[in-house]
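Peer 1: Can you look at this prediction? I've put the sequence above it.
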2 protein chains.
Amino acid sequence: MALARSPLAPETLPELPPIGGVRGIAHAAGLRYAGRDDLLLLHFPHGAAVTGVLTLSKCPGAPVEWCKRQLPAGRADALLVNAGNANAFTGRRGRVSVERAAQAVAQALGCSPEGVYLASTGVIGEPMPDDRLADAVAAAAGQLDEVDWAKAAGAIMTTDTFPKAVARACEIDGKPVRLVGIAKGSGMIAPDMATMLAFVVTDAGLPAEILRPLLAAACARSFNCITVDGDTSTSDTLLLFATGAAGRFEADSPTDRRLADFAAELEALLVDLAQLVVKDGEGAQKFVTVRVRGARSDGAARRIGLSIANSPLVKTAIAGEDANWGRIVMAVGKAGEEADRDRLAVAIGGVTIALDGERVPDYDEAPVAAHMAGREILIEVDLGLAHGAATVWTCDLTHGYIDINADYRS
Amino acid sequence: MALARSPLAPETLPELPPIGGVRGIAHAAGLRYAGRDDLLLLHFPHGAAVTGVLTLSKCPGAPVEWCKRQLPAGRADALLVNAGNANAFTGRRGRVSVERAAQAVAQALGCSPEGVYLASTGVIGEPMPDDRLADAVAAAAGQLDEVDWAKAAGAIMTTDTFPKAVARACEIDGKPVRLVGIAKGSGMIAPDMATMLAFVVTDAGLPAEILRPLLAAACARSFNCITVDGDTSTSDTLLLFATGAAGRFEADSPTDRRLADFAAELEALLVDLAQLVVKDGEGAQKFVTVRVRGARSDGAARRIGLSIANSPLVKTAIAGEDANWGRIVMAVGKAGEEADRDRLAVAIGGVTIALDGERVPDYDEAPVAAHMAGREILIEVDLGLAHGAATVWTCDLTHGYIDINADYRS
């Protein structure tokens, strides 16, 4: 099924600079899709520090288990990503497949299998065509070059309607540093993690122990604050590789002041990527920001925000351009977090609709209706209890979502 | 918007016998809907024992708060239900409205306001037209008669496409006892409680202290095991009235052996009503039973079942008649309950598709595809861990759901 490009897609990809210390290639392995790249191979000739955040699913795909096992070492030589087959719920055969894939990459690049990171996305439960994958890896390894990030972003897509890539730059201790990130994902998107793959490469020279807490904090305020349908993938993978080509930085702690810019740019990059995933939400016609404040804690605010962002009734109302604030109240009420109906305030598009538990007396729906007709919707909820706050991003629930998901496998 | 009758609706209502000790009338109050009954008034001339289960929403409607306050007394004189306006999130005015409504009933029937139970369903956030309601109550009270349960079930509908009523009979200690239940609900359906109203009247003579645990247990295995969209209403109300017209029963405990039949029939009645609500799920084309076993506990099994039943990806796959068992595995994995991927078994329509964490070698999709094309879908999951089991009911997620909910308020 050919999907129309999301109306929320940016017009073009941004400028995506080369990153020192990494080579790569997008390749057409023909694992499932015809006539397009479906394999991405990255090689770090001098190695890279690596850290990651992986799905909390109790039934993870075999590549996720593989990455979880290698991540504590914190060192990477290569990354292999394929689209079309998730190698998830493939039992013992799935474990054999990841070992064979890592072996194929190691052999082609002359590194150890333990340094090879793997990610797979696509259909669950289908055995991986190991031989075809190994052949493709061998062919791809012979073509490694300066990475074409646009092609890389395209090679990892499944139901995505546009490639997702972001670049950032900053300084660490006066030295310029670059970051490039690519992501895929459009359905099965929910926190812990959003159902997606995302890979960030930086030339900063930082060890895994420093990268780990920086990535965890940035992920908590980006990918773990988006949702399309509340479903969580078996394959969610976010990996951050640091090649060190921009020079080593001796930092004792992730809170080292000299890392503040890098931490901020990493978070901004992940927020941009996460929002791109939402903007490609299956069937999405509107991008929705839900800001919650006045909750008992930031965590409570996030859970209330996600309860609103995941509510099919809220999401269909947005699709219908209906400022149905009653459904927002419903979603606050069902979140399981402390709420006092008679202190609650709800605003849409910056217009306060309800205050102290009831509709404002002079409520004028006209400006709110105009806002609802737009592409970007802002919902604000103030619990009026304390100072917990969070922002969550989602999209509307439309006929397009049903079209895509009632017929994906066929 | 006129909604087509659900294809899952039963052809006719069952035989609904009169129940001693209750009189009632369905009335057209014109609160929102034109040309149909939208008000139900029941009167218990000699009083009734009453118990109930109410929404756990932190933002409940004013009638829910009213019922919660009166329920500990366990005695009822009347029930007033209106459709079209939920009197929810109406602030201080909502509290005044319920007091005025109870007062109007009390005055018309010559009872105390504290004995009047109230339930409202419909739009959230709109003030109740108190005067019109009071006039309608006065008019209805003059027409009380033997209850026409079919009309009663019709009067409480909102987006329902068919009336829901069930009757059961049994004996307590050799004496015949009857139960009749009516329900409404089709969207915003999720446990704790399903977004719906349900009222059961029996002529059994049992005190509230006995009825309370019986209703809680039956509700846990019926209304709290259904979901349409995972959304929880601000107004969910289940009330059980026992008039005693069939004679008083002296039972010391809800586990009294003489009550076993009554408890079983009450649960069967609630299961039937709950399934009718699912069968009227907004846009539903298929009725889905999810049976989970082998979980660590019954509660874990229920949460896994609901994770499957609430997954938009599972529900859209069912709408597309796609036996996408990978999405079922995904939903098991995200439930947050213990699961071992490599012990998991999944069957659809009685055909085992996956065993010990992978697809069975000789899997033949033909009989499963035939099953998926039917109206009633059976999904079975065995965690292979322990003996926890639960059954959950839901429906598919279709274009009809979007149609209805993207344009309900207008």
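Peer 2: Thanks, I have it.

Peer 1: what about the strands in the stretch 101-250 of chain A?
Peer 2: Taking DSSP state E, counting those that start in this stretch as the test, the strands found in the stretch 101-250 of chain A are A:116-123, A:145-146, A:164-172, A:175-184, A:197-202, A:237-242.

Peer 1: how about these in TSV, adding distance to residue B:61, mean pLDDT and mean neighbour count?
Peer 2: To be clear about C-beta, it is placed using only N, CA and C from the backbone, and glycine gets the same treatment. What follows is these, written out as TSV (distance: least, Cβ to Cβ, whole Å; pLDDT from 0 to 100; neighbours: other Cβ atoms under 10 Å in any protein chain shown):
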stretch	distance to residue B:61	mean pLDDT	mean neighbour count
strand A:116-123	44	93	26
strand A:145-146	62	97	10
strand A:164-172	42	97	20
strand A:175-184	42	97	23
strand A:197-202	42	97	28
strand A:237-242	42	97	27
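
Peer 1: so which of those gets nearest chain B?
Peer 2: strand A:116-123 (6.5 Å; Cβ to the nearest Cβ).

Peer 1: List every C-alpha atom in that closest one, with coordinates, as PDB.
Peer 2: What follows is strand A:116-123, C-alpha atoms only, in PDB (Å, rounded to 0.1, in the frame of the first residue of the first chain):
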ATOM      1  CA  VAL A 116      28.100  -5.000  16.200                       C
ATOM      2  CA  TYR A 117      24.900  -3.400  17.100                       C
ATOM      3  CA  LEU A 118      21.700  -4.600  15.500                       C
ATOM      4  CA  ALA A 119      18.200  -3.200  15.000                       C
ATOM      5  CA  SER A 120      15.300  -4.700  13.000                       C
ATOM      6  CA  THR A 121      11.900  -3.200  12.200                       C
ATOM      7  CA  GLY A 122       8.900  -4.500  10.300                       C
ATOM      8  CA  VAL A 123       6.700  -7.600  10.600                       C
END
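
Peer 1: partners of it in the sheet?
Peer 2: Looking at strand A:116-123 with DSSP bridges, its partner strands are strand A:75-85 (parallel).

Peer 1: what angle do the strand it pairs with and strand A:197-202 make?
Peer 2: Interaxial angle, strand A:75-85 versus strand A:197-202 (axes from the mean of the first three to the mean of the last three Cα atoms, to 10 degrees): 150 degrees.

Peer 1: got the angle for strand A:75-85 vs strand A:237-242?
Peer 2: Going by the same axes, to 10 degrees, strand A:75-85 makes 150 degrees with strand A:237-242.

Peer 1: Let me see the ranges of the helices in chain A.
Peer 2: Secondary structure of chain A by DSSP state H: the helices cover A:62-70, A:91-109, A:130-141, A:149-155, A:208-220, A:260-279, A:298-310, A:312-319, A:325-334, A:365-372, A:399-405.

Peer 1: nearest to residue B:236, of those?
Peer 2: helix A:325-334 (10.2 Å; Cβ to Cβ).

Peer 1: tell me what that closest one is packed against?
Peer 2: Helices and strands touching helix A:325-334, as assessed by 3 or more Cβ pairs under 8 Å, 6 or more residues apart in numbering or on different chains; DSSP states H and E, comprise helix A:298-310, helix A:312-319, strand A:345-348, strand A:351-355, strand A:376-382.

Peer 1: Just name the most buried of these.
Peer 2: Of these, the one with the most neighbours on average (mean count of other Cβ atoms under 10 Å in any protein chain shown) is helix A:312-319, at a mean of 27.

Peer 1: on that earlier part again, what's the closest of the helices of chain A to residue B:307?
Peer 2: So among the helices of chain A, helix A:298-310 is nearest, using Cβ to Cβ, at 12.8 Å.

Peer 1: Need the mean per-residue confidence for that closest one.
Peer 2: Mean pLDDT, helix A:298-310: 93.

Peer 1: Could you give the number of residues near residue A:291?
Peer 2: 16 (other Cβ atoms under 10 Å in any protein chain shown).

Peer 1: shouldn't it be in contact with residue A:381?
Peer 2: Yes. Applying Cβ atoms under 8 Å, one finds residue A:291 in contact with residue A:381, separated by 7.3 Å.

Peer 1: Show me whatever sits in contact with both of those two.
Peer 2: The contact sets of residue A:291 and residue A:381 overlap at residue A:305 (Cβ atoms under 8 Å, 6 or more residues apart in numbering or on different chains).

Peer 1: follow-up on the earlier one: so which of the helices and strands packed on helix A:325-334 gets nearest chain B?
Peer 2: Across the helices and strands packed on helix A:325-334, closest to chain B is helix A:312-319 (Cβ to the nearest Cβ), at 3.6 Å.

Peer 1: Got the confidence number for whichever residue of the stretch 101-250 of chain A sits closest to chain B?
Peer 2: Residue nearest to chain B within the stretch 101-250 of chain A (Cβ to the nearest Cβ): residue A:124, separated by 2.8 Å. At residue A:124 the predicted local confidence, pLDDT, stands at 79.

Peer 1: That one: how many residues sit nearby?
Peer 2: Using other Cβ under 10 Å, residue A:124 has 27 neighbouring residues.

Peer 1: Spell out which parts of the stretch 51-200 of chain A neighbour chain B.
Peer 2: Residues of the stretch 51-200 of chain A that fall close to chain B, judged by Cβ under 8 Å from any Cβ of the partner chain: A:55-60, A:86, A:88-94, A:123-126, A:187-188, A:190.

Peer 1: Repeat the analysis, applying 6 Å as the threshold.
Peer 2: A:57-59, A:89-91, A:124-125, A:188 (Cβ under 6 Å from any Cβ of the partner chain).
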